[in-house]
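S.K.: just the structure for this:
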Amino acid sequence: MANDLTFSITRTRFDEDYSPADSSRLTTNFANLARGEHRQQNLRSALAMIDRRCNDLASRSGALDNPDGDRYRVELDIVSVTMEFEDRGSAQSFPLLEMLDVAILDRRTGERHQGILGNNFSSYLRDYDFSVLLPSLSSPTIPDDFGQLHGALFQRFLESSAFQDHFSAEPVVCISVSTSQTYRQTGSVHPVLGAEYEHEHSSLTDDYFGRMGMQVRYFRPPGGKAPLAFYTRGDLVSDYSDLQLIGTIATMETFQKIYRPEIYSANAVAPSTYRPTLDHTDFSTPPVTYDREERSRLGITQGRYTEEHLVTPHRALLERWASEHTALTH
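M.R.: Numbers count the residues shown, from 1 in each chain. Down below sits the predicted model:
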């Protein structure tokens, strides 16, 4: 597929001094935190929450020695992926994906352990699909090819030298559970991931990630209030070390506590049969300012930007890439 398509990667350290670049996709959770008068306190608080949760999970794990609860520190890089291509003889580029990469520093030994890429996964093209294309459909039936282009480009990135030269493990995308589903414990418990849940039926989000080659499993980590959804192309349980899983859980559970406190900062633990809701009132408010309404508005703005600068001017090329990928995978 698409010899005229390549990718480039840039890294930005996510720390208390982080400021979003002009090109950053501003609906990402980390960019939302880094604006406004409380930006530095937001960042400092969020990073401290991640480190505390990382050490809490490490202490709970019998495989890791962390008696004082302060052995590990999580370090985060924002990985921005740009796609570069040629269309009708003209060189083009477009920001494709942005996500967090995790490293875990062992403060006792000084060793830095590589974590898992994929935290806070976001893309302009997904904004277009969900905030522009989906609302414009005249029929309630979702088109068979919905998400096909996004999935093709994501998998093409994972097959590229840009990805393979920098990363040795499949990404894991960890997101909130859906308020439209009921989840039930299976009885299976993982020492780090925690109690496993199953959902009722496949969702539009599941199908969209399925286009990316990813399957979902749900776990409520030890000490956590609600299950998280983990999407990966690999085997979540066997492909990653305990410390790698801890880094992802600590990072994404923290962001979900900030973004979905009604679910992830609830004062009661999710029961064995669980229907999450944002109408829940018994929760603790995290010490971080977050603008959920702005995030929704920006999703529409960035979806329209994608329509104007990628989808409309390069439609024929994009359709060819999507169809080529479909032909190769069937």
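
S.K.: for residue 119, which non-adjacent residue is closest in space?
M.R.: The shortest distance from residue 119 to any non-neighbouring residue, by Cβ to Cβ, 6 or more residues apart in numbering, is to residue 100 (3.8 Å). (C-beta placed from N, C-alpha, C; glycine too.)

S.K.: pretty sure that neighbour contacts residue 74?
M.R.: No - judged on Cβ atoms under 8 Å, residue 100 makes no contact with residue 74 at a distance of 9.9 Å.

S.K.: any common contacting residues for those two?
M.R.: residue 251 (Cβ atoms under 8 Å, 6 or more residues apart in numbering).

S.K.: what strand or helix carries residue 322?
M.R.: According to DSSP states H and E, residue 322 maps onto helix 315-328.

S.K.: and residue 254, by the same measure?
M.R.: Using DSSP H and E, residue 254 maps to helix 242-259.

S.K.: that helix - what's its average pLDDT?
M.R.: The average pLDDT within helix 242-259 is 95.

S.K.: which positions in the helix holding residue 322 come out as buried?
M.R.: For helix 315-328, burial by neighbour count (16 or more other Cβ atoms under 10 Å) applies to 317, 318, 321, 322, 325.

S.K.: just checking: what are the partner strands of the host helix or strand of residue 175?
M.R.: Secondary-structure assignment from DSSP H and E places residue 175 in strand 172-176. In the sheet, strand 172-176 lines up against strand 228-232 (antiparallel) (DSSP bridges).

S.K.: assumed residue 105 was part of a helix.
M.R.: No - the assignment for residue 105 is strand, going by DSSP: H, G, I helix; E, B strand; the rest coil, so no helix is present there.

S.K.: what residues are up against the closest residue to it other than its chain neighbours?
M.R.: Using Cβ to Cβ, 6+ apart and skipping residues adjacent in sequence, the residue nearest residue 105 is residue 73, 4.5 Å away. Listed by Cβ under 8 Å, 6+ apart, the contact set of residue 73 reads 51, 54, 104, 105, 107.

S.K.: which two among those residues are spaced furthest apart?
M.R.: 54 and 107 (11.3 Å; Cβ to Cβ).

S.K.: of these two, which one has the most company?
M.R.: residue 54 (28 against 11; other Cβ atoms under 10 Å).

S.K.: residue contacts, the residue nearest to residue 119?
M.R.: 14, 30, 76, 77, 78, 79, 117, 118, 119, 120, 251.

S.K.: the fifth one pairs with what?
M.R.: Yep, that's residue 78 we're talking about. With DSSP bridges as the rule, residue 78 is bridged to residue 12, residue 100.

S.K.: tally of neighbours for it?
M.R.: Residue 78 sits with 23 neighbouring residues when counted by other Cβ under 10 Å.

S.K.: would you agree it is in contact with residue 102?
M.R.: No - judged on Cβ under 8 Å, residue 78 makes no contact with residue 102 at a distance of 11.3 Å.

S.K.: about what we covered before: what's the lowest-pLDDT member of the contacts of residue 100?
M.R.: residue 30 (56).

S.K.: beyond the helix or strand of the chain with the lowest mean pLDDT, next helix or strand please.
M.R.: Sorting the helices and strands of the chain by mean pLDDT, DSSP states H and E puts helix 29-33 at the bottom, at a mean of 59. Using DSSP H and E, the helix or strand that directly follows helix 29-33 along the chain is helix 39-60.
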